[in-house]
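Q: take this sequence and fold it.
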Amino acid sequence: MAMTAVPGAAPQTKAARQARIRALLAGSAVRSQAELAALLADDGVQVTQATLSRDLVEIGAVRVRGADGGLVYAVRGEGGDRSPRLGQAPEVLDARLAKLCAELLVTAESSANIVVLRTPPGAANFLALAIDHSVIPSILGTIAGDDTVMIVTRDPSGGEAVAARFLELASQGA
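A: Numbering: from 1, shown residues only. Purely as a prediction, here's the structure:
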């Protein structure tokens with residue numbers, strides 16, 4: 001029997017559920033576990049309150065004061081920045097990515113649906129993480145080495161446009 005992948009489908013695993021929780025907390029101000037459970041249910045993920053509570057502890061989610069003064073869930077940043085991160089607007093993420101591209105992008109080349117970004121040694125993982133945190137619908141995923149980031153685009157011929165976008169971001173952030 002042949003298996004086919006459903007575009008955007010995620011396995012019903014603990015890791016996939018926790019990744020979705022992180023994404024929801026990063027993308028919006030979630031005030032309660034009930035609200036988070038409803039958002040997960042909208043995505044087709046059914047979870048009990050006990051499981052959700054354990055997941056929040058395991059991913060290091062904390063409640064912090066939001067912009068309006070109310071308590072919202074936030075997850076700690078990765079890498080050197082361990083402070084809790086509230087949901088960030090796409091404009092903020094784009095500005096951060098533009099700044100990083102201006103500082104770290106050496107070259108951007110493409111072939112079909114693959115983009116290869118070169119960075120100074122040791123910087124590829126940092127740039128790939130910023131790309132992963134940005135919401136760029138045309139990007140399926142990234143893989144990073146020491147000085148190279150490989151991006152796979154959703155469109156079979158979308159690499160050229162994505163490479164051009166990163167070069168544009170680098171000149172915007174300069």
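Q: low pLDDT regions in this protein?
A: Confidence mapping of the chain against pLDDT under 70 gives the ranges 1-10, 77-93, 173-174.
Q: domains for it, by residue range?
A: Domains of the chain are assigned by automatic domain parsing as 14-85, 90-173.
Q: check the gap between the residue most central in space within the chain and L36 for me.
A: With distances taken as CA atoms, centre = their mean, the residue of the chain nearest its centroid is H133 (2.6 Å). To L36, H133 is 19 Å away according to CB to CB, to the nearest Å. For the C-beta atoms, the positions are set from N, CA and C on the backbone; glycine is no exception.
Q: phi and psi next, for A26.
A: Main-chain dihedrals, A26, degrees, to the nearest 10: phi -70, psi -30.
Q: that one reaches V75, doesn't it?
A: Yes - counting by CB atoms under 8 Å, V75 is a contact partner of A26 at 6.7 Å.
Q: for R63, which three-state class applies?
A: Three-state call for R63 (DSSP: H, G, I helix; E, B strand; the rest coil): strand.
Q: can you give me the buried ones in the helix or strand that contains A163?
A: Assigning secondary structure by DSSP states H and E places A163 in helix 159-173. Neighbour counts over helix 159-173 (16 or more other CB atoms under 10 Å) mark 159-160, 162-163, 165-166, 169-170, 173 as buried.
Q: the residues you listed into JSON lines, with extra columns for distance to A102?
A: Converted to JSON lines, the buried residues of helix 159-173 look like this (distance: CB to CB, whole Å):
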{"residue": "G159", "distance to A102": "21"}
{"residue": "E160", "distance to A102": "21"}
{"residue": "V162", "distance to A102": "17"}
{"residue": "A163", "distance to A102": "16"}
{"residue": "R165", "distance to A102": "14"}
{"residue": "F166", "distance to A102": "11"}
{"residue": "L169", "distance to A102": "8"}
{"residue": "A170", "distance to A102": "5"}
{"residue": "G173", "distance to A102": "3"}
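Q: between the residues you listed, which is closest to V30?
A: L169 (28.9 Å; CB to CB).
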